[in-house]
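Chemist: model the structure of this input:
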Amino acid sequence: MTARSTDLSRRGVLRLGALGALGVPAVLAACSGGYDESPDPLAPLLAMAEADAAAARKLPAGGDAAGQLADARAAQAAALKAEVDRLNRPVSTPSVPPAPADFGGFKDRLAAARKQAEDMVPALPAYRAGLVASVAAGCAGLQRIAPQLGPGEDAKPVAAPSGTVAQEAVDPLQKALAAEHAALWVYGLVTAFLPGDFGDALKSGRAEHTARRDAVTQMISTASATPVAPEAAYVPPKPVTDTASAASLVASAEGDTAAAWLGVVTHTDDAGLRQMAVQALVAAARRGTPWRQEAGEKPAAVALPGQAG
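Modeler: Numbers count the residues shown, from 1 in each chain. Got it, this is the predicted structure:
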């Protein structure tokens, strides 16, 4: 590293003199512009997640589902706290309604946390938008781990934002389209390994993935790019031989689509596109939970869908 010279040139002295003529407040304002002194908007989400985790651990009933709920909300709280601590904005004590005293009370609590997070996503900086979108999807997935918590609202119908997408959004949309292609292939493959009572789940999953595939294909084409084509076939991470392995593959495909759509959230500032992406993320989380349950995977609900690890 090259040391900075302590000598001031005549031109530098004149420049400092000109700045001094503007007055001290102007210099101070220029130096302090990088710090936001307003309360952190993530603080209410953090406080609610912490309260939920603590309350769920104290529930006298709820069994394994209550434990999964507590662990997931604790993981969400830890991720939110790390981000709040990173920015180190002024600490406030948000007003948070008391956590439920019984397991069924978390149904409305999770729905409220999901909505609060979803509403924040369009206006946040990219990284924070991705984190909060994952929290929203995680709460949506948790509502499907037990009948007392749900079933919760489905994701909003597929709707492409108006206008042409920006060029920087094309690449993440291509990755989302590739994930949708792969998911549709998986839904077709597993049909032969699942009994008839899975018909409705397969039909609704295929329909939603088809709608998103078609919408994204049109969006990419409108941006004067060539939509990525599906592969002729895909290689499952494990052989599919029975109901459990088929369900595990569908859950894996939903996890892949969640990660791809989270990438869209974090690579665009367009509010409409973010809203479309967070709904796709929520939908993947809600579909993935029962498939993970069927496969015997634990936890059944992913705390932060789309996030690595």
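
Chemist: and the helices in this protein?
Modeler: For the chain, the helices defined by DSSP state H occupy 10-21, 24-31, 43-57, 63-87, 106-120, 126-142, 170-190, 199-222, 243-265, 271-295.

Chemist: relative to residue 99, which of those helices is closest?
Modeler: helix 43-57 (3.5 Å; CB to CB). (C-beta placed from N, C-alpha, C; glycine too.)

Chemist: how close does the residue lying closest to residue 103 once chain neighbours are set aside sit to residue 150?
Modeler: Leaving aside its chain neighbours, residue 103 sits nearest to residue 62 (3.9 Å; criterion: CB to CB, 6 or more residues apart in numbering). Counting by CB to CB, to the nearest Å, the separation of residue 62 from residue 150 is 14 Å.

Chemist: cool, residue 301 as well?
Modeler: 11 Å.

Chemist: tally of neighbours for residue 174?
Modeler: 17 (other CB atoms under 10 Å).

Chemist: is it true that residue 114 touches residue 139?
Modeler: Yes: between residue 114 and residue 139 there is a contact under CB atoms under 8 Å: 4.0 Å.

Chemist: okay, the two: which has more neighbours?
Modeler: Counted by other CB under 10 Å, residue 114 and residue 139 do not tie: residue 139 has more neighbours, with 34 against 23.

Chemist: show me what contacts that one?
Modeler: 76, 110-111, 113-114, 117 (CB atoms under 8 Å, 6 or more residues apart in numbering).

Chemist: highest neighbour count among these?
Modeler: residue 76 (29 neighbours).

Chemist: list the contacts of it.
Modeler: Residue 76 sits in contact with 49, 135, 138-139, 303-304, where contact means CB under 8 Å, 6+ apart.

Chemist: repeat the analysis, applying 6 Å as the threshold.
Modeler: Residues in contact with residue 76 (CB atoms under 6 Å, 6 or more residues apart in numbering) are 49, 135, 138, 303.

Chemist: report how many residues lie close to the last one.
Modeler: It stands for residue 303. Neighbours around residue 303, by other CB under 10 Å: 25.

Chemist: my guess is it meets residue 138, correct?
Modeler: Yes: with contact defined as CB atoms under 6 Å, residue 303 reaches residue 138; the gap is 5.0 Å.

Chemist: roughly how far apart are residue 113 and residue 234?
Modeler: On the measure of CB to CB, residue 113 and residue 234 end up 35 Å apart.

Chemist: check residue 272 too.
Modeler: Taking CB to CB, one finds residue 272 at 31 Å from residue 234.

Chemist: closest to the centroid, which residue in the protein?
Modeler: Central residue of the chain (CA atoms, centre = their mean): residue 134, 2.4 Å from the mean position.

Chemist: now stretch 110-125, how far from the centre of its chain.
Modeler: 10 Å (CA atoms, centre = their mean, to the nearest Å).

Chemist: can you start the count at 6 instead of 1 from here on
Modeler: Let's use 6 as the start, then, which means that last one is stretch 115-130.

Chemist: what's in contact with it?
Modeler: By CB under 6 Å, 6+ apart, stretch 115-130 touches 53, 134, 137-138, 140-141, 144-145, 147-148, 276, 279-280, 283.

Chemist: which of those residues count as buried?
Modeler: 53, 134, 137-138, 140-141, 144-145, 147-148, 279-280, 283 (16 or more other CB atoms under 10 Å).

Chemist: remind me which residues of the stretch 56-205 of the chain are low pLDDT?
Modeler: 96 (pLDDT under 70).

Chemist: what residues of stretch 126-134 count as buried?
Modeler: For stretch 126-134, using 16+ other CB under 10 Å, the buried residues are 126-127, 129, 133-134.

Chemist: mind exporting that stretch as CSV, just the C-alpha atoms?
Modeler: Coordinates of each C-alpha in stretch 126-134 appear next as CSV, following Å, rounded to 0.1, in the frame of the first residue of the first chain:
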residue,chain,number,x,y,z
VAL,A,126,-39.6,-7.1,-0.3
PRO,A,127,-40.2,-4.6,-3.2
ALA,A,128,-38.6,-1.6,-1.5
LEU,A,129,-35.6,-3.2,0.2
PRO,A,130,-32.0,-3.2,-1.0
ALA,A,131,-31.2,-6.4,-3.0
TYR,A,132,-29.6,-8.5,-0.3
ARG,A,133,-32.2,-7.6,2.3
ALA,A,134,-35.0,-8.2,-0.2
